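give me a 3D structure for the following:
(2 chains)
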Protein chains: 2
Amino acid sequence: MFESAELGHKTDKAEYDAAEPELRAQLLDAQFDLLELKSFAVVVLINGIDGAGKGETVNLLNEWMDPRHIHTLAFDSPTTEEAERPFMWRFWRALPPRGRIGILFGNWYTEPIRERVDKISKKADLDQRLDEINRFEAMLAREGVLLIKLWFHLSKDGQRKRLKALEKDPRTRWRVTEQDWRYYEQYDRYRSVAEHTLRHTSSGDAPWMIVDGTDSCFRELFVARTLLEALRRRLDAVAKHWSPRQTAPPLPPAPDERNLLNSLHLRQPLEKKEYSELLEHYQGRLALLTRDEAFRERSLVLVFEGADAAGKGGAIRRVTAALDARLYHIIPIGAPSEEERAQPYLWRFWRHLPRLGKVEIFDRSWYGRVLVERVEGFCSEADWMRAYSEINDFEDQLARAGVVVVKFWLQIGKDEQLARFKEREAEAHKRFKITTEDWRNRERWDDYARAVCDMVDRTSTETSPWVLVEAENKLFARIKVLRAVCERLEAALRS
Amino acid sequence: MFESAELGHKTDKAEYDAAEPELRAQLLDAQFDLLELKSFAVVVLINGIDGAGKGETVNLLNEWMDPRHIHTLAFDSPTTEEAERPFMWRFWRALPPRGRIGILFGNWYTEPIRERVDKISKKADLDQRLDEINRFEAMLAREGVLLIKLWFHLSKDGQRKRLKALEKDPRTRWRVTEQDWRYYEQYDRYRSVAEHTLRHTSSGDAPWMIVDGTDSCFRELFVARTLLEALRRRLDAVAKHWSPRQTAPPLPPAPDERNLLNSLHLRQPLEKKEYSELLEHYQGRLALLTRDEAFRERSLVLVFEGADAAGKGGAIRRVTAALDARLYHIIPIGAPSEEERAQPYLWRFWRHLPRLGKVEIFDRSWYGRVLVERVEGFCSEADWMRAYSEINDFEDQLARAGVVVVKFWLQIGKDEQLARFKEREAEAHKRFKITTEDWRNRERWDDYARAVCDMVDRTSTETSPWVLVEAENKLFARIKVLRAVCERLEAALRS
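Below you'll find the model as predicted:
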């Protein structure tokens, strides 16, 4: 893997000086085109051996291009806000919007590699994380993000020489720390873990580029040309109406009429009196659970999806009535904002993840991708097809970070929906106005049913199963929701 | 101040039950209108005596209204990210966008009152903070934010009884902590500090509403009606094209032609050779300063403003070339995003404030309010007139939080600008394209000059003075900028 980077590459100063002006002008041009087009974001990952010129390269890129449109981020130990959320939260936070370049110095590779070198993690742990990284990067690529992964390499002898040289010069002495020498001692092990990592994460979408860090002239020209070529190639492709969307095979239609939704008995019995008792019981239980010591190390994400007029709002209110208002937020998901549209699809949900001890309630959610966006054709089939696994990955990460995710689909029949629409119209109460969109969705009833069934099949996992709620009797539905929240939370706090 | 709240108000249950349904419906209606109109945000402050029903009220508001459009925030001890920024940063972060209600439980009053009660601060300190709060709230009011300030009161005896009652009930026992009793011991002192605070911060824009917390029926109706009336009154006013803008007296024209800008000698001598030496010198100095131990407890904000083509970009690049790319960000300020437009004017700048040890460079800035927005009439005269003192308050807060602010105005003459425009057009290089806007700004040359002079006069303060940069010789301008950054930073780190 590192063979080419140990050939002793060298560029002499004269050649460098001759190439530099043109290269800078071209890079700046490409950056400007990127900014004008705003059709994709660029993420540059900076990794590799200490002393191989990572910092110098980052500074160089900021000098050669227009630094106003570059966002450079270095990741040290997580802040409290970061530490209380899933590992990837800080990186999602750092993603540049379309049109801009993000340079991530220290990133999702740093910790997995370091932990394996230090034997904090096992090989299987590393491999699992690399798998996750592959899926994450594939998602970025399909969202149109141009990912450029640079690995800065030095031979063992090269690293020693480099550290010595830095130590000798009074202007750079401060840069060599004891830790650098400690890491140097681990060179062979580091190299082997790195090689493994690189081999498993070099994909067609985002291959690693190995940079020989020995000679600064060579290194600078190499990085600049690599970046320029990647940028230029993508810009040309965009000019030719390139799209990151792949075709996906359509889902097969079910051979009979029977599906998850029409197998439900939508009107379940529950009388007012029993309802009141159960309501008090479960609300009390939920109140206690969220005040439990153990909950301070967990958090809760509730997802409410359902047919129009199925009673999501009412169910949410019965849950929040049991919670201290200081603990929860409700995020109503409508059309994305301008800042959200400039980011990968899941970004707008990542930004709302709760801190420890808090509850975040999504009134509609990331499942919009495989529901309304699928049915209305707002995204391509390939986009919503890949969304299933992206969503599963997302929820897996939440689960592993201690977030309890409970997802509800509230279902009513077509006749019941019509009755509720008419009732709302008759009330003539503006809060419940029925829009033309509601009527239009209704015409797509069967398409939605199909989408819902596929969604449940593909995203009901062991860690975050869907709870299908028979919602024609609102009282029953509310209790079923509350009970599920209590049971899932209780199980999690006990585990 | 608290006399009315100690009269022993009481509402009997029957009266409460009779009033509740209608009140809830009206509140929900008002909230819906707010959401539809999206013309202002509502901020509800919850303060007062422990045990007086603050928490219950917050929960009640979330229950009576649609909690999906309410954002409730409680502020505990600051997170690391919050602690590394000015005191008000966490509250700016929490402001609701137009159309929504933010309930701030614990807010900018909590700490000043507490510190005075605990004698951590002196009376003069408290008064200074109350002045700042008054200015902050006046700014919110003029940005159209509807501010509702609720103070929950109990008499000393009432507080004791309430705490006892909570302790007696097994369901609420957990809520009474040792700290509550310790605070109770301080009742008289707390009351006196609170009275002083309330008296000094009850303004026409945002008066305090004292809530007698003794009887829950009374309290709930009182709060709900207070909120409803405030909401309804503002909604009605908006329907009648209400605007928070006040008229402000126009600035007097200068009696002669002499001004700050035309008194500058715009073309200052500096030869290439001397420039190179000075550049190396100051860049080296700046590099050392930002690596200084002392800088880890400070941060740096640079503001670049100037005439079109005055060379802001070039000057910025000479600064960033001296910095480690991991330390700084450049924020180019253009038109605000949708999320930014839904917030008070300064919100978009608060969100970019640097953490400790970091540098944030604004390429154009909050001064747009008193420059382009003033000249182009994008905001009313009253808006840009009040902006001067709002900006001074903002920069004061930065200074007190240890942020070093250095502001540059780069000036060139009208002829020089024309020459640069033509040069750029001749280069035909798209990165430097001259837009129709540039030509239009040029026609407004005198208006801009007037605006710049007013800006410097009104916002050049001891803590953050303007540096006027004669920029016709770019070499001179860049050195002047670098030198000023070094000197200001050096002075700050030594102090």
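
any low-confidence regions in the stretch 151-300 of chain A?
A:244-255 (pLDDT under 70).

point out the residues in it that sit beside chain B.
Along the stretch 151-300 of chain A, the residues adjacent to chain B under the rule Cβ under 8 Å from any Cβ of the partner chain are A:Trp174, A:Arg291. For the C-beta atoms, the positions are set from N, CA and C on the backbone; glycine is no exception.

now the helices for the stretch 151-300 of chain A?
A:156-168, A:178-185, A:187-201, A:216-239, A:272-291 (DSSP state H, counting those that start in this stretch).

hmm, who's touching the shortest one?
Taking Cβ atoms under 8 Å, 6 or more residues apart in numbering or on different chains as the criterion, the residues outside helix A:178-185 that touch it are A:Asp50, A:Gly51, A:Gln159, A:Arg160, A:Leu163, A:Tyr190.

that helix vs helix A:187-201, what angle?
80 degrees (axes from the mean of the first three to the mean of the last three Cα atoms, to 10 degrees).

could you check the angle helix A:178-185 makes with helix A:156-168?
160 degrees.

list the buried residues in helix A:178-185.
By neighbour count, with 16 or more other Cβ atoms under 10 Å in any protein chain shown as the criterion, the buried positions of helix A:178-185 are A:Asp180, A:Tyr183, A:Tyr184.

now do the contacts for the closest residue to chain B within the stretch 201-350 of chain A.
Of all residues in the stretch 201-350 of chain A, the one sitting closest to chain B is A:Arg326 (3.8 Å; Cβ to the nearest Cβ). A:Arg326 makes contact with B:Gly55, B:Val58, B:Thr72, B:Leu73, B:Ala74, B:Phe105 under the criterion Cβ under 8 Å, 6+ apart.

if we go to 6 Å?
By Cβ atoms under 6 Å, 6 or more residues apart in numbering or on different chains, the contact set of A:Arg326 is B:Ala74, B:Phe105.

swap in A:Leu198?
Counted by Cβ under 6 Å, 6+ apart, A:Leu198 has contacts A:Met1, A:Trp208.

does the closest residue to A:Ala74 other than its chain neighbours count as helix, strand or coil?
Leaving aside its chain neighbours, A:Ala74 sits nearest to B:Arg326 (3.7 Å; criterion: Cβ to Cβ, 6 or more residues apart in numbering or on different chains). When classified by DSSP: H, G, I helix; E, B strand; the rest coil, B:Arg326 comes out as coil.

per-residue confidence for B:Arg326?
Model confidence at B:Arg326, expressed as pLDDT, equals 87.

for the one 10 residues further on, same thing?
With respect to pLDDT, B:Pro336 scores 92.

look up how far chain A lies from it.
10 Å (Cβ to the nearest Cβ, to the nearest Å).

secondary structure element for the residue nearest to that residue when sequence neighbours are not counted?
Sequence neighbours aside, B:Arg348 is the residue nearest to B:Pro336 in space, at 5.6 Å (criterion: Cβ to Cβ, 6+ apart). Taking DSSP states H and E as the definition, one finds B:Arg348 inside helix B:347-350.

please apply the same query to A:Leu150.
strand A:146-153.

packing partners of that strand?
On a contact count with 3 or more Cβ pairs under 6 Å, 6 or more residues apart in numbering or on different chains; DSSP states H and E, strand A:146-153 meets strand A:42-48, strand A:208-212.

mind putting the ones you listed into TSV with mean neighbour count and distance to A:Asn441?
Formatted as TSV, those follow (neighbours: other Cβ atoms under 10 Å in any protein chain shown; distance: least, Cβ to Cβ, whole Å):
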stretch	mean neighbour count	distance to A:Asn441
strand A:42-48	24	36
strand A:208-212	22	46
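
any idea how far A:Phe222 is from the residue of chain A most remote from its centre?
Centroid-distance maximum for chain A: A:Ala14 at 45.2 Å, with Cα atoms, centre = their mean. According to Cβ to Cβ, to the nearest Å, A:Ala14 and A:Phe222 sit 17 Å apart.

relative to A:Lys358, how far out is A:Arg494?
20 Å.

so which of the two has more stuff around it?
Remark: of A:Arg494 and A:Lys358, A:Lys358 carries more neighbours, 21 against 8, as counted by other Cβ atoms under 10 Å in any protein chain shown.

what sits against the spatially closest residue to the more buried one that is not a sequence neighbour?
Take A:Lys358 and drop its neighbours on the chain: the residue closest to it by Cβ to Cβ, 6+ apart is A:Ser299, 5.3 Å away. Contacts for A:Ser299 (Cβ under 6 Å, 6+ apart) come out as A:Pro354, A:Leu356, A:Lys358, A:Val403.

looking at the nearest residue to the second one once chain neighbours are set aside now. What's its pLDDT?
Right, A:Leu356. Closest residue to A:Leu356 apart from its sequence neighbours, by Cβ to Cβ, 6+ apart: A:Glu84 at 4.5 Å. Note for A:Glu84: predicted pLDDT of 89.

equivalent analysis for A:Arg424, please.
For A:Arg424, pLDDT reads 84.

look at it and tell me its secondary structure.
helix.

list the buried ones in the strand or helix carrying A:Arg450?
Element membership for A:Arg450, per DSSP H and E: helix A:445-459. The neighbour-count check on helix A:445-459 (16+ other Cβ under 10 Å) flags A:Tyr448, A:Ala449, A:Arg450, A:Ala451, A:Val452, A:Cys453, A:Asp454, A:Met455, A:Val456, A:Arg458, A:Thr459 as buried.

look up how far B:His69 lies from the last one.
When you say that, I think you mean A:Thr459. The gap separating A:Thr459 from B:His69 is 28 Å, by Cβ to Cβ.

ok, now the fifth one?
Here the distance between A:Val452 and B:His69 works out to 26 Å (Cβ to Cβ).

and the residue of the stretch 51-200 of chain A found nearest chain B, backbone torsions?
Of all residues in the stretch 51-200 of chain A, A:Ala74 sits closest to chain B, at 3.7 Å by Cβ to the nearest Cβ. For A:Ala74, the backbone dihedrals (degrees, to the nearest 10) come out as phi -110, psi 140.

over to the one 4 residues further on?
In terms of degrees, to the nearest 10, the main-chain angles of A:Pro78 are phi -60, psi 150.

the helix or strand just after the helix holding B:Arg348 pairs with which strands, parallel or anti?
Per DSSP H and E, helix B:347-350 leads on to strand B:359-363 as the next helix or strand towards the C-terminus. Strand pairing for strand B:359-363, using DSSP bridges, gives strand B:299-306 (parallel), strand B:328-332 (parallel).

now strand B:359-363 and helix B:272-291, what's the angle there?
Using the same axes, to 10 degrees: strand B:359-363 against helix B:272-291 is 130 degrees.

which residues does strand B:359-363 contact?
Residues outside strand B:359-363 that contact it (Cβ under 6 Å, 6+ apart): A:68, B:300-304, B:327-332, B:352, B:354.

B:Asp118: which of the residues you listed is nearest?
Ranked by distance to B:Asp118 (Cβ to Cβ), those are led by B:Pro354 at 30.6 Å.

chain A versus the closest one, what's the distance?
Using Cβ to the nearest Cβ, we find B:Pro354 at a distance of 13 Å from chain A.
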